[in-house]
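1. sequence? don't have it. structure:
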């Protein structure tokens, strides 16, 4: 029985329809399938595929195909006719045909939809992302982009700087909003600097610069700096990765902070959970006033950190990596990380080295500057002995130190290190984000 005073008349002709896909880049083909009810005898189907009021396709079969070649949002109508009469059904704004390539130029006075040339580039990141869709690439021209609202990428859209140099494209939140949310496994943020962004509310307490939501996404070749998280449950002034499809790789994450409220989980730079991954990154100069660690793990399904260099971070209780029972660290180096109240008294605290805490058994081929290695599969050494030139900012492995040719083979070996040099140079991958040249490389001077 139907709900209400009237029963649906199964003998009266009605029609609906569906499509095999509704969004892609131009050109793309769509197959529509009519779904008639109460049809009698031969049925003729007429389709208006672009919403202009004219029927473009006619057939006696329930399926019809059309290729959209121009970007736009299209309303589709089907009309079914049989010996008893006719019925129509419309889906408004049903098909979204998006440009394969869009451009953004800060404040461009000549901006014109669909933003598919540099001359007509969108003036803001938000406008370009709104016009993009699954399969689109948004090319961001050099400049500074001030954002007053978080840029959310929920489709398989790649947003990248056109030069490949992160410093050429700067996205600045003016310490008022979070920078980006990625929420699609195909979403990508590449070759961009994101700075001065923050979270302030309990609902959005983690990931001041970038949050990778459950849908996933990849952040690659970016500089992420000056992020903050300030509410009570604040954590990860830099990046929050909360998806098994979330990856942050080949990034510099620096000068991020969390506020003075959360004493338990308030990691300074990166929070990893739900199977997220942090790889081939430099995490440096981050601070958590009341919390713990530069890189932290949370939840029943943690994640992993691999081939990262984690240096000169500070937190109240511990400062390097806080590894949960479900988190894993491989090929990482952690030096000069200090717990600001690790020693002394409450009235007169004394900073102490604090490279690592948590489940030691989950660390493999990691190096620290503490008195003892994390476990039997890890190493220890001073910053001066581990790096080529620590004081000068050269974080490549010293030929005579514990990092050189000392890593274990990761599941997927990156083609380059954080500096863009080929990886692997020696017999094994080096520990940390940077690869040293082979000890046997011949150097030619002229």
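-> Arrived safely, thanks for sending. Since the structure is predicted, the reported quantities are computational estimates derived from the model, not experimental observations.

2. Would you state the helices of the stretch 1-150 of the chain in chain order?
-> Using DSSP state H, counting those that start in this stretch, the helices of the stretch 1-150 of the chain run over 125-131.

3. in it, which segments are predicted with low confidence?
-> Applying pLDDT under 70 to the stretch 1-150 of the chain picks out residues 1-2, 5-11.

4. ranges for the strands of it?
-> In the stretch 1-150 of the chain, the strands defined using DSSP state E, counting those that start in this stretch lie at 14-19, 23-25, 28-37, 44-48, 57-59, 63-68, 72-82, 85-98, 101-104, 137-140, 143-146.

5. can you redo those as CSV with distance to residue 257 and mean neighbour count?
-> Backbone N, C-alpha and C define where each C-beta goes, glycine included. Output for the strands of the stretch 1-150 of the chain, formatted as CSV (distance: least, C-beta to C-beta, whole Å; neighbours: other C-beta atoms under 10 Å):
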stretch, distance to residue 257, mean neighbour count
strand 14-19, 48, 17
strand 23-25, 39, 19
strand 28-37, 45, 17
strand 44-48, 56, 18
strand 57-59, 59, 13
strand 63-68, 47, 16
strand 72-82, 42, 19
strand 85-98, 38, 17
strand 101-104, 29, 23
strand 137-140, 26, 22
strand 143-146, 21, 16
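
6. TSV for those, including distance to residue 224?
-> Output for these, formatted as TSV (distance: least, C-beta to C-beta, whole Å):
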stretch	distance to residue 224
strand 14-19	39
strand 23-25	29
strand 28-37	34
strand 44-48	48
strand 57-59	49
strand 63-68	37
strand 72-82	34
strand 85-98	28
strand 101-104	19
strand 137-140	16
strand 143-146	15
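
7. Residue 215: which of those strands is closest?
-> strand 23-25 (15.3 Å; C-beta to C-beta).

8. Identify all contacting residues around that closest one.
-> 95, 96, 97, 98, 99, 100, 133, 134, 135, 136, 155 (C-beta atoms under 8 Å, 6 or more residues apart in numbering).

9. Mind listing what's buried along stretch 295-305?
-> Residues 295, 296, 297, 298, 302, 303, 304, 305 are the ones in stretch 295-305 that count as buried (16 or more other C-beta atoms under 10 Å).

10. now it: mean pLDDT?
-> Across stretch 295-305, pLDDT averages out at 83.

11. From the chain's centroid, how far away is that stretch?
-> Computed by C-alpha atoms, centre = their mean, to the nearest Å, the chain-centroid distance of stretch 295-305 equals 16 Å.

12. Of the strands of the stretch 1-150 of the chain, which is nearest residue 382?
-> Per C-beta to C-beta, nearest to residue 382 of the strands of the stretch 1-150 of the chain: strand 143-146, 39.7 Å.

13. Could you identify the helix or strand that succeeds the closest one?
-> Counting by DSSP states H and E, the next helix or strand C-terminal to strand 143-146 is strand 151-153.

14. Which residues does that following strand contact?
-> 125-126, 129, 159, 171, 179-184, 187, 189, 217.

15. try it again with 10 Å
-> If you take C-beta atoms under 10 Å, 6 or more residues apart in numbering as the criterion, strand 151-153 is touched by 124-126, 128-130, 132, 138, 145, 159, 171, 173, 177-184, 186-189, 194, 210-211, 213, 215, 217.

16. Could you tell me which of those count as buried?
-> So, by 16+ other C-beta under 10 Å, the buried ones in those are 124-126, 128-129, 132, 138, 145, 159, 171, 173, 177-184, 186-189, 194, 210-211, 213, 215, 217.

17. Report the residue spans of the stretch 201-350 of the chain with pLDDT below the cut-off.
-> In the stretch 201-350 of the chain (pLDDT under 70), the answer is 232, 260-265, 342-350.

18. Mind doing that once more with 80?
-> 201-205, 230-234, 259-266, 289-293, 298-302, 317-319, 340-350 (pLDDT under 80).

19. Just the buried residues of stretch 424-444, please?
-> 424, 425, 426, 429, 430, 431, 432, 433, 434, 435, 436, 437.

20. Tell me which of the residues you listed fall in strands.
-> Using DSSP state E to define strands, no part of the buried residues of stretch 424-444 is located there.

21. What is the nearest of those residues to residue 336?
-> When the buried residues of stretch 424-444 are compared against residue 336 (criterion: C-beta to C-beta), the nearest one is residue 432, at 13.4 Å.

22. which residues does residue 195 bridge with?
-> With DSSP bridges applied, residue 195 shows beta-bridge pairing to residue 172, residue 225.
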